[in-house]
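**Q** got a sequence here, can you model it:
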Amino acid sequence: MALRALAGGWCLVLLAATIPGVHPQGNDSSVQPATDSGAQIYRPVLQPSEATPPTGTYTLKSLAGTTCIKATMGVEFVVNEKRKTWYFNLDPSRVKSSGYCGKEAAVLSLTLPDNGASLQLTFRKEKKIFYITKLTAHLFPLPVCQKCANKSYSGLLDNDKLFQTANGHSFTCKSENLLLMSSELSVKLVPLKMQAFTLPNGHFGKELECWADFNKRVIPIVIGATVVCLILIAVLTYLFIKDRRRQGYERI
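**A** Residues are numbered from 1 along each chain as shown. Model prediction:
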């Protein structure tokens, strides 16, 4: 009987070694069922300091194979809680793009693994213009401290006309676009270049510059021109006064 039991035990060991997924179970209650040790849940890590987000290019094609949305941008999530500010930059290499294309509406969804973070942009076409009418953001980061509870942050902008652009043109902005999604969550897009619905051969059309970039470019020129004019007026005034004094001396 002892030999049979020993032989039976060796058979179980051999089966466990040769058949994948088979593990010998004992009477010890601490032995757990087999799990996939390679499976890991992705969670964003908040940072106490801000850094420039990496720029990614995201495209979405219709069922016909034509590009209906193209966006090049860096995305930063900003969390404000208990008078502290935390940051998380979206990594383009981890982002999955999805959505749908319609004649008057299109959606681009950017999602990280395990829904750790997501950003959804809803585009609307109206006559000769298009714009973003809805923006949804979600962030489920790791707690910032060991005793801190798990918490997710979500926000929504709805019924807006963000980044309004003529159809066939692209909206471009090198300046920061900070969008307040909720009392605790903001999304920063920098730099930003996007176009929806009409993209000939999948390429961006003529650029429409945002007001922030326009002001940064034009205001220094206006100020410089104003300073030059003032200097020129001062020089001309000085020469005029000097010439009048000289004429007065000649009459005496």
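**Q** out of everything not next to it in sequence, what's closest to the most centrally placed residue in the chain?
**A** The residue lying closest to the centre of the chain (CA atoms, centre = their mean) is V75, at 2.0 Å. Residue nearest to V75 in three dimensions, not counting chain neighbours: L90, with 3.9 Å by CB to CB, 6 or more residues apart in numbering. Bear in mind the C-beta positions are built from the backbone N, C-alpha and C, glycine included.
**Q** one step back: direction included, what does the helix or strand containing the residue nearest to the centre of the chain pair up with?
**A** V75 is part of strand 67-81 when elements are defined by DSSP states H and E. Here strand 67-81 is paired, per DSSP bridges, with strand 55-61 (antiparallel), strand 84-89 (antiparallel), strand 185-196 (antiparallel).
**Q** between these, which gets nearest to P141?
**A** Checking the strands paired with strand 67-81 against P141 by CB to CB gives strand 84-89 as the closest, at 6.3 Å.
**Q** which other helices and strands contact the helix or strand that that closest one is followed by?
**A** The helix or strand immediately downstream of strand 84-89 is strand 96-101, counting by DSSP H and E. Strand 96-101 sits against strand 55-61, strand 67-81, strand 105-111, with contacts defined as 3 or more CB pairs under 8 Å, 6 or more residues apart in numbering; DSSP states H and E.
**Q** now do the strands in the stretch 151-252 of the chain.
**A** Secondary structure of the stretch 151-252 of the chain, counting by DSSP state E, counting those that start in this stretch: strands at 153-166, 170-173, 177-180, 185-196, 207-209.
**Q** give the pairing partners of the second one; include direction for each.
**A** If I follow you right, that is strand 170-173. Applying DSSP bridges, strand 170-173 is found paired with strand 185-196 (antiparallel), strand 207-209 (parallel).
**Q** what sits closest to T55 if chain neighbours are left out?
**A** Nearest residue to T55, sequence neighbours excluded (CB to CB, 6+ apart): G74, at 4.7 Å.
**Q** so where's the chain shaky on pLDDT?
**A** Along the chain, the parts satisfying pLDDT under 70 run over 1-39, 217-225, 227-228, 242-252.
**Q** so how far is T66 from the residue nearest to the centre of the chain?
**A** Distance of V75 to T66, computed by CB to CB, to the nearest Å: 25 Å.
**Q** one more: E50?
**A** In this view, E50 and T66 are 38 Å apart by CB to CB.
**Q** highest mean neighbour count out of the strands paired with strand 170-173?
**A** Ranked by mean neighbour count under mean count of other CB atoms under 10 Å, those are led by strand 185-196, which reaches a mean of 21.
**Q** and the angle from that one to strand 96-101?
**A** Relative orientation of strand 185-196 and strand 96-101, computed by axes from the mean of the first three to the mean of the last three CA atoms, to 10 degrees: 60 degrees.
**Q** tally of neighbours for C229?
**A** 10 (other CB atoms under 10 Å).
**Q** repeat for the one 3 residues further on
**A** Here the count is done by other CB under 10 Å, and L232 has 10 residues near it.
**Q** so what's it up against?
**A** The contact partners of L232, by CB atoms under 8 Å, 6 or more residues apart in numbering, come to none.
**Q** beta partners for A137?
**A** Following DSSP bridges, A137 is listed with bridge partners L119, G155.
**Q** that one contacts S118, doesn't it?
**A** Yes - counting by CB atoms under 8 Å, A137 does reach S118; the two are 7.1 Å apart.
**Q** of the two, who's got more company?
**A** Taking other CB under 10 Å, A137 and S118 do not tie; A137 has more neighbours (23 against 18).
**Q** residues in contact with that one?
**A** A137 neighbours (CB under 8 Å, 6+ apart): F77, S118, L119, Q120, Y153, S154, G155, L156, M181, L185, V187.
**Q** what residues are bridge-paired with S170?
**A** Using DSSP bridges, the beta-bridge partners of S170 come out as E207.
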